[in-house]
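Enquirer: below is the sequence, then the predicted model.
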Amino acid sequence: MSQTKSGLIVPSKRSNIDSFIAMDIVSKAAKLTAAGEDVISLAVGQPCASAPKAALTAAANALKDGVISYTNAPGIDGLRQRIALHYRETYDVEVDPARIYVTTGSSAGFVLSFLSMFEAGARIAIPSPGYPAYRNIIKSLSMVPVEIETSHDSRWTLNAQLLEAAHKKNKIDGLLFANPNNPNGTMLQRDGFATLLHKAQELGIRFISDEIYHGLTYDFDAASALEYGDDVIVINSFSKYFCMTGWRIGWMIVPESLMRTIDKLQQNLFICAPQISQIAAAAAFEGKAEMELVHRGYKTNRKLLLQRLPKLGITNIQPIDGAFYAYGDISQLSDNSVDFASKILEHTKVAVTPGVDFDLSRGKSWMRFCFAANHQRLVEAFDRLDKWLGIEQN
């Protein structure tokens, strides 16, 4: 017997968030691929390389035992100790492994950070352009994203002056900052990063440092927030540098004052990160030599984009200091990046991401190109774009 619609099951107000357009494009590209089309994706931050061999071997050996189970909520002790060693080796920082929590990707780290430090209605600053999931996670947790526009004058990165100006207009409770940033890969150098962090603390703004693209820089290294003190939250992941996106494994480092709070939230929201992924992650650090070869490939791909994008008419490209994205101004080609991305996918079978994902006010004039693809596939993608736009190559 069919039931009449009662109207009881309706979406909550806090679930009224924007879609992640990059993932919508991935879905469309997947349908084309399933239909037999040869699609080249430059749409999402998906490394084309596999996880380190040591990680794959460790996971395979664990599967042979046949039992994959829950772990302690903070994660496997061996993995937490290895992450602590990573900070000693990379940043010359001593971190107590007890402050390290293994998470289901960096995404769980964001949720745990916001819930542990802020009340509903808290105002959390993020840069614009910036990663759209920041905005949408904040909104879904009944908090307020405060998007601070960057520009050519600030070298397209958030800085201490912009933060202070925004705080003076309306009090800000927290700052989530990625260095390198997504979608542009733009970075603050060490002094500028330290100044931003110290300004936030001076203003009473709690600082969350998204360091997911550390290890993937080109002209200068990234500083960790932990180099300047422990009164911060640091979030990172094995997704980007270690090419382990689908393993959904990351970590966060928290002050002692939050340890029990994070423990309880992790227990109840996620229980623990997947054990098989934790085992693989602990071994992944043995594969840094492999990952540096991948990093070298990104440098080659970055050079290619800086050569080929201007030939398409995309000459205004925000500085690519790190990560594996180029964020370019397409206003000479289109006044609607969503429509333009759809046409590109339809006519060239190349998937790219419109800027409206990353910048609500100016994104129609911008587009992100991920260059974590295989180099030859990247060349093929630009050859297709050239052909579609009628550009003659020398």
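Expert: Sure thing, it's come through.
Enquirer: so which bits of the helix or strand harbouring Ala54 are buried?
Expert: According to DSSP states H and E, Ala54 maps onto helix 53-65. Neighbour-count burial for helix 53-65 flags Ala54, Ala55, Leu56, Ala58, Ala59, Ala62 (criterion: 16 or more other Cβ atoms under 10 Å). For every residue, glycine as well, the C-beta is placed using N, CA and C.
Enquirer: farthest pair in those residues?
Expert: Longest distance between any two of the buried residues of helix 53-65 is 12.6 Å, between Ala54 and Ala62; criterion Cβ to Cβ.
Enquirer: is it true that Pro274 touches Gly246?
Expert: No. Here Pro274 lies out of contact with Gly246, judged by Cβ atoms under 8 Å, at a distance of 10.9 Å.
Enquirer: between the two, which one's more packed in?
Expert: More crowded of Pro274 and Gly246, by other Cβ atoms under 10 Å: Pro274, with 19 against 11.
Enquirer: what residues are up against that one?
Expert: Ile68, Thr104, Trp247, Arg248, Ile249 (Cβ atoms under 8 Å, 6 or more residues apart in numbering).
Enquirer: are any of those buried, and which?
Expert: Judged by 16+ other Cβ under 10 Å, buried ones among the contacts of Pro274: Thr104, Trp247, Arg248, Ile249.
Enquirer: dump the residues you listed to TSV, plus pLDDT.
Expert: Formatted as TSV, the buried ones among the contacts of Pro274 follow (pLDDT from 0 to 100):
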residue	pLDDT
Thr104	98
Trp247	98
Arg248	98
Ile249	98
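Enquirer: neighbours around Gly313, how many?
Expert: 16.
Enquirer: could you report the separation of it from Val352?
Expert: 14 Å (Cβ to Cβ, to the nearest Å).
Enquirer: over to Asp219?
Expert: Asp219 is 25 Å from Val352, by Cβ to Cβ.
Enquirer: of the two, give the one with the bigger neighbour count.
Expert: Val352 (24 against 10).
Enquirer: hmm, Trp366 and the more buried one touching each other?
Expert: No. Using Cβ under 8 Å, Val352 makes no contact with Trp366, being 11.0 Å away.
Enquirer: what's the helix holding Ala54 in contact with?
Expert: So helix 53-65 is contacted by 50, 68, 242, 244, 275-277, 279-284, 286-287, 290 (Cβ under 8 Å, 6+ apart).
Enquirer: looking only at pLDDT, what's the mean for the host helix or strand of Lys31?
Expert: Using DSSP H and E, the element containing Lys31 is helix 21-34. Mean pLDDT, helix 21-34: 87.
Enquirer: how is this protein carved up into domains?
Expert: 14-50+289-388, 53-287 (automatic domain parsing).
Enquirer: how about those domains in TSV, adding distance to Ser6?
Expert: Shown next, in TSV, are these (distance: least, Cβ to Cβ, whole Å):
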stretch	distance to Ser6
domain 14-50+289-388	19
domain 53-287	25
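Enquirer: who's in contact with Val232?
Expert: Contacts of Val232 by Cβ under 8 Å, 6+ apart are Leu197, Phe207, Ile208, Ser209, Ala225, Leu226, Pro255.
Enquirer: if we use 7 Å, what do you get?
Expert: Val232 is in contact with Phe207, Ser209, Ala225, Leu226, counting by Cβ atoms under 7 Å, 6 or more residues apart in numbering.
Enquirer: from these, keep the buried residues only.
Expert: Buried among the contacts of Val232 by 16+ other Cβ under 10 Å: Phe207, Ser209, Ala225, Leu226.
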